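[1] For reference, the sequence and a predicted model appear below.
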Protein chains: 2
Amino acid sequence: MRSHYCGQLNETQVDQEVTLCGWVHRRRDHGGVIFLDMRDRDGIAQVVVDPDTPEAFATADRARNEFVLRIRGRIRLRPEGTQNPNMPTGMIEVLAKQVEVLNTAATPPFQLDEHGKVGEEVRLKYRYIDLRRPEMIDKLRLRSRISHSVRAFLEGQGFLDIETPILTRATPEGARDYLVPSRTHEGHFFALPQSPQLFKQLLMVSGFDRYYQIAKCFRDEDLRADRQPEFTQIDIEASFVEEDDVMAITERMVRQLFSEVLDVKLPDFPRMPYAEAMQRYGSDKPDLRIPLELVDVDDLMKEVDFKVFSGPANADDGRVAALKVTGGARLSRKEIDEYTKFVGIYGARGLAWIKVNERAKGIEGLQSPIVKFMEGIVESLLDRVGAEDGDIIFFGADKARIVNEAIGALRVKLGGDLDLYTAEWAPLWVVDFPMFEADDAGRLSALHHPFTAPSCTPDELKANPAAALSRAYDMVLNGTELGGGSIRIHDRDMQRQVFEVLGINDAEAEEKFGFLLDALQFGAPPHGGLAFGLDRLVMLMTGARTIREVIAFPKTQSAACLMTDAPGEVSADQLKDLNIRLRQKAKVPTSEE
Amino acid sequence: MRSHYCGQLNETQVDQEVTLCGWVHRRRDHGGVIFLDMRDRDGIAQVVVDPDTPEAFATADRARNEFVLRIRGRIRLRPEGTQNPNMPTGMIEVLAKQVEVLNTAATPPFQLDEHGKVGEEVRLKYRYIDLRRPEMIDKLRLRSRISHSVRAFLEGQGFLDIETPILTRATPEGARDYLVPSRTHEGHFFALPQSPQLFKQLLMVSGFDRYYQIAKCFRDEDLRADRQPEFTQIDIEASFVEEDDVMAITERMVRQLFSEVLDVKLPDFPRMPYAEAMQRYGSDKPDLRIPLELVDVDDLMKEVDFKVFSGPANADDGRVAALKVTGGARLSRKEIDEYTKFVGIYGARGLAWIKVNERAKGIEGLQSPIVKFMEGIVESLLDRVGAEDGDIIFFGADKARIVNEAIGALRVKLGGDLDLYTAEWAPLWVVDFPMFEADDAGRLSALHHPFTAPSCTPDELKANPAAALSRAYDMVLNGTELGGGSIRIHDRDMQRQVFEVLGINDAEAEEKFGFLLDALQFGAPPHGGLAFGLDRLVMLMTGARTIREVIAFPKTQSAACLMTDAPGEVSADQLKDLNIRLRQKAKVPTSEE
C-alpha cells in the first residue's frame, strides 16, 4: 500500500512520487493550504495539500488528528526559510496529489503531544494510543533489537533455543507462585514458573550442552519497587564450564549488545568479592560511576564519648562508616535534613556529619553537631577519609546491615543529586557471595537459590555453613543487577547437604525436588549458567524511568491491566469445571449456593 | 573443559591431542583393552584405553554406561578392518592418556538403545534420560534452527519482536481458558491467552506496522488428537496490507525456512478456494501429495433405484461422491471391510464400491454389491471418474458434511496405505472461506474468529450472513494446516455487525471487547496477519510421529507432567491467599472447615 515510511524521506528523493500511509499527527491551515504532519513508526513527514487538487484538498480538509490516511504525492524541497534541520525529514515536504481516508478517528482521550497532562492511569487504559508516541515506539523497537542481538550472539556460540513449560510445578525461588487450577486433575494446580531453573538444569543432564531461552517468568509479589507480575529473562546454561567460562561468554554478549545497539564500547568488567562491595559501597550491586566510598572508622570510634558511635564500633555486628563527599560542605541545613530523612527509610536513626570548612584551623575549622566528641581522633579521621576544605563527611553507625543499606543508598542518592558520575557506564562482576544468609532468628536461607554450588566440600559445608561461599556471580551495571548466575550443584550428596542446611528434610526434598535428585544420580555433568532480566536491561539501555515504559502492555502496581480490565470475573460454570469456588459466596451466584 | 565435541572428530585431525567431555554411551572390553563410545550432543567417538596407561585404565575400568567422563588423548586412525564408514567419526579413535570421572551414574531406568522396550510413561517420567537419545537431541536442535531461521527472516523484513502478556483477560477463540486466580483482586481471574490476537491488533492500532512474536498459547481442551495444553505460535501481523501481501511474505518465509534448514526447495503454492477444496478433496486442508479426488456424481444418482444414493442425490444438503483409486481392484475383501469401518468413524453408514476388472466387458466386467442398481448410468459413471481396468471406485452418499469428512479421510488413508504420494512436499493456500458456519440449529459461529474481515460490505453481511466469504487464508502442507490468518476488521461498524450476526449484543461486546471497539474508533489502520503452529511445523519438518517428540517437556493426554508430577497439591494457606477453596472439602484440610 505504501512506497516509503514517512521517516525515510529525505532530500535525495526530490521529485520522486511516493505513497505514504500513516496517521495525522498534526494539521495546520496556513495561507489557504493544508499542512499535514503524517506519522508512522519511522517518523514524521510534512504533506502539503493545496486547493489546486480539489479532491485531495476536500479530503484533507475533513481529516482530523489521528485519522489514518494514504497519500500519494511528489517530494519537493521546502521553501527557503521553512526548513527544519532538527527533523530528519525537515528539508523536504510532499506535495499531495491524492489523499484517501483509510479510517477516521474520534477525538482521542489525550493528544500525543500532551500525554504529560493526563495521569498514567488514562494512558494505561488507552495504552494503544500512548504507544503511538514516538518515544514509546522507539523503546519497544530497541527492545526488539536487543532481543535479536542477544539471540544472534548466542546462536553463533552454539546455544540452542529450547522452550520450557509455563504450566509447571511450583519452583523454589521463594516468591509466591501464580497458580492455575487443573480441570482434569481435581484439586491440583499448576504453578507458573518463577524461572526455568530446574528445566535448564535437566537439559544439561540430557546433554544439550548449551541452552538459552528468552523466557517469561512469573512472581505473585506485592509490586513495590517497579516490578511486574510477569517479566522476561534471558536464560542461559552450559555444561562442562566453570565460573570463568560463563562470565567470559556473557560478558562478551553484553559488550557486543552495547556495541551493536547503542554503539557504546563498555569498559572492562572488574571483579569484586561480595565482602569488598559491601565494605566499600554498602551494596552487592555498587554503582561504580560514583566515586564515593564507605570508609570503616570503627577502630577510631571505639573510645569516643558518644554512644551512638562507640556502641556499634564495639559490637560484633556493628559498623561505623564514613562517607566523604568532595565539595559537599556547600549542602544546606535543609538538604542535610532531607538526607537524614532519606536514610531513615533504611532504618538509620540519624545522620551525623562534619563539614570541613578550613582544615588548617583544626577542630575550629570544622562544623558539626558531633565534632565535640571527636577531639582526640579527628585528625586521624580526616586523614583516613582524605578530607579537604569544602568536603562533608557523613557517618553511619548501627548494625552493619543498616549502615550498609542506609549509607549505601545515600551514596547513590548523592551521586545523582550532585551529579558526581565519572563515567556513563560502569559494569562489574560481584563474586564470592556467601552461600546463605541468616535471618534474625539465625535461620539460614539460600542467598541465590538452593542449586548454587558452594566453593567448599560437603564436609566443610556441614561443619560451618554460615562461612561457606558460593560459586555465584552477578553482573552489575550502573548500580543495577543485570544478571545473576552460578555454577550449579551436580552432585547428589552435595545437593542433599545443602537442603539439610536449609532445613529441608529428605522427605520434603524428595517430594519437591525428587526429579532433580533423581536426575543428579543418572550422570549429571558439571554445569552452570546465568539469567539476565531483560526488562531491566532494556530500561537501562533506553534510559526509561519505569519498567512500564519498556513493556508493551504492562500491569499496574496492583497487578491489573487497565486496558483489558484483567483480571476479570468468571462464570460459576467455569469455576465448577475447575473444581474450585470463591471464598466469598456472594460474588458469583451458582445454582447450588 | 573440552577441546572438541565428540561428533566433530575426523581423520584430518590424526595425531592431534584432544579433550572430550561426555557420557559413556557403550563400553566394551576386548582383548584386554577397554573401548568407550563417548557421546555428547554432536555425536559419538570411540575411545580406546589400554593397560599401558594404568591410571586411565583403572578409571575407565570402573566407568559404567552414562558415567560422565573427561578424556584427554590422541586421535589415531582405526586399524584396518575395524573402521565404521556408517559413523561420522568411524575412521578414527582416541587413544586415551587421561580419564577423569566427572560424575558417576546409577543404572538408568532404561538403556538409550532400548528405549523402545519401555512404555512412553517411563520415558516421560525420566524425560531427561529420554532426551539423551541422539534422535531427540536432533529434533530439538532442528526446532531451535527453525525458530532462528524464522526470526532472522522476519527481522530482515522489518518485523518487530514484541512480547504480549501471558496474564490477561479471556480471549475469544472459543476453547476453554486456563484461569489464574488473582490474589490482589478478590474473586477475579486472569486467563492465559489462547493467542495474542487482540494484542497484536492493538499494536497495529498503535502504529508498530510489522509485529511478530514466537508466543506461548494455552487451551484447556480435552487432549485428543495429539494436542498439548500449551503450544507455540509464530504470530505475525502487519498494517496497510491486503491478503496478497501477507501471503507473499509468509510464503517466502516458509520457502526460505525449508531451504535453509532442510535444503528443500518447496514447489509453488497454488491457491484454492475453500469450496473447491471441499468438493475435490473433502477437506479444507487437502493433502495434495495424493492424486485421488472426490468426483460429484449426484446428477447420475438422482434416478437410481438405490435409496442410499438417490436420497442424498436429491437432498439439498446431500452429496454423492466417487473416489477412484487406480490399481485399487487388488484390495481384498478384508481390506475393504477395514476401510468401511474406518469411514464409520466419520459417521458414514457404509462404503459402497465397484471394482473395475475388465471394463470392455461392460457390467459383467465389474465386481460390486451395488452395480445392479447402476445399469443405466454405469458407463457415464466410469467415464466421469476415468476408470480403467484394475481400478476401484469408492462411494460416499450422505449429508455433504459426512461425505466430505469420511471420503476425505479415506482418501488420505488410501494415499498412505497404498503409498500413492506423487511428491514429498505439497503446499497450498486455501482461500475464500465462509465467514460463518452453522450448527444443526442454524446458529452461526465464526469459522476463523470474530475479528476476521468479510469480503463484503456491512449491509451485504447483514442481508445474507450465511453466504458471506471472509478474507481469511490458510497455509496447508501435506494435509496439515501450518498456519491461518486473515485481513482483520478495522472498522468499528463492521465489527459490531459481525458481533450481531454472532448473537453478541452490544452490552456483551462492550463488556468483553470494549477496548477493541474503542481502539477501532481512534484511527485503526487496515491490517492483517497470520499465525503458524510452530510445534506442528517442527513435527512436519523433523518427521516426528507425535507432537511430544518436538517439545522438550511435554504433557500427557490428561495434561500432566509425569516428570515433575505437575499439577500438584497446594497448601490451604495458598488457596486462602487466592480467595478460593476446593469444591471437595476433604482434599485440603483448613483450620476453618
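    Now that the structure is in, tell me what you want to look at. Numbering: from 1, shown residues only, chains lettered A, B, ... in the order given.
[2] continuing past the strand of greatest length in chain A, what's the next helix or strand?
    Ranked by number of residues, the top strand in chain A under DSSP state E is strand A:17-30. Per DSSP states H and E, the first helix or strand lying C-terminal to strand A:17-30 is strand A:33-40.
[3] so when I look at residue A:257, I'm seeing a strand, right?
    No: looking at residue A:257 with DSSP: H, G, I helix; E, B strand; the rest coil, it is helix, so not inside a strand.
[4] Disregarding residues adjacent in the polypeptide, which is nearest to it?
    Once flanking residues are discounted, residue A:257 sits nearest to residue A:149: 4.9 Å by C-beta to C-beta, 6 or more residues apart in numbering or on different chains. For glycine as for every other residue, the C-beta is placed from the backbone atoms N, C-alpha and C.
[5] now the helices for the stretch 351-500 of chain A?
    Applying DSSP state H, counting those that start in this stretch to the stretch 351-500 of chain A gives helices spanning A:378-385, A:400-417, A:458-463, A:492-501.
[6] for the longest one, packing partners?
    Right, the one you point to is helix A:400-417. Applying 3 or more C-beta pairs under 8 Å, 6 or more residues apart in numbering or on different chains; DSSP states H and E, we find helix A:400-417 packed against helix A:274-281, strand A:294-296, strand A:318-325, helix A:333-345, strand A:392-399.
[7] Mean pLDDT and mean neighbour count added to those, as CSV?
    Converted to CSV, the helices and strands packed on helix A:400-417 look like this (pLDDT from 0 to 100; neighbours: other C-beta atoms under 10 Å in any protein chain shown):
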stretch, mean pLDDT, mean neighbour count
helix A:274-281, 98, 19
strand A:294-296, 98, 20
strand A:318-325, 97, 24
helix A:333-345, 97, 14
strand A:392-399, 97, 24
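[8] the inter-axis angle of the longest helix anywhere in chain A versus strand A:17-30?
    The longest helix of chain A (DSSP state H) is helix A:134-156. Angle of helix A:134-156 versus strand A:17-30, following axes from the mean of the first three to the mean of the last three C-alpha atoms, to 10 degrees, is 150 degrees.
[9] what's the offset of helix A:134-156 from the middle of its chain?
    Averaging C-alpha positions (C-alpha atoms, centre = their mean, to the nearest Å) puts helix A:134-156 15 Å from its chain's average.
[10] looking at it, residue A:28 is touching residue A:47, isn't it?
    No: with contacts counted by C-beta atoms under 8 Å, residue A:28 stays clear of residue A:47, the gap being 11.1 Å.
[11] which residues sit in contact with residue A:163?
    A:213, B:216, B:232, B:551-552 (C-beta atoms under 8 Å, 6 or more residues apart in numbering or on different chains).
[12] do residue A:574 as well
    Taking C-beta under 8 Å, 6+ apart, one finds B:176-177, B:179 in contact with residue A:574.
[13] with the residues you listed in mind, which one is nearest to residue A:456?
    Closest approach to residue A:456 among the contacts of residue A:574 (C-beta to C-beta): residue B:179, at 45.8 Å.
[14] how close does that closest one get to residue A:582?
    Distance from residue B:179 to residue A:582, counting by C-beta to C-beta, to the nearest Å: 12 Å.
[15] just residue A:269 next, same as before
    Distance from residue A:269 to residue A:582, counting by C-beta to C-beta: 51 Å.
[16] of those two, who's got more company?
    residue A:582 (23 against 19; other C-beta atoms under 10 Å in any protein chain shown).
[17] Which per-residue confidence value corresponds to the more buried one?
    We have a pLDDT of 92 for residue A:582.
[18] cool, and residue A:498?
    Reported pLDDT for residue A:498: 94.
[19] In contact with it: list those residues for me.
    A:435, A:446, A:450, A:454, A:461, A:489 are the contacts of residue A:498 under C-beta under 8 Å, 6+ apart.
[20] Distance of it relative to residue B:281?
    In terms of C-beta to C-beta, residue A:498 sits 60 Å off from residue B:281.
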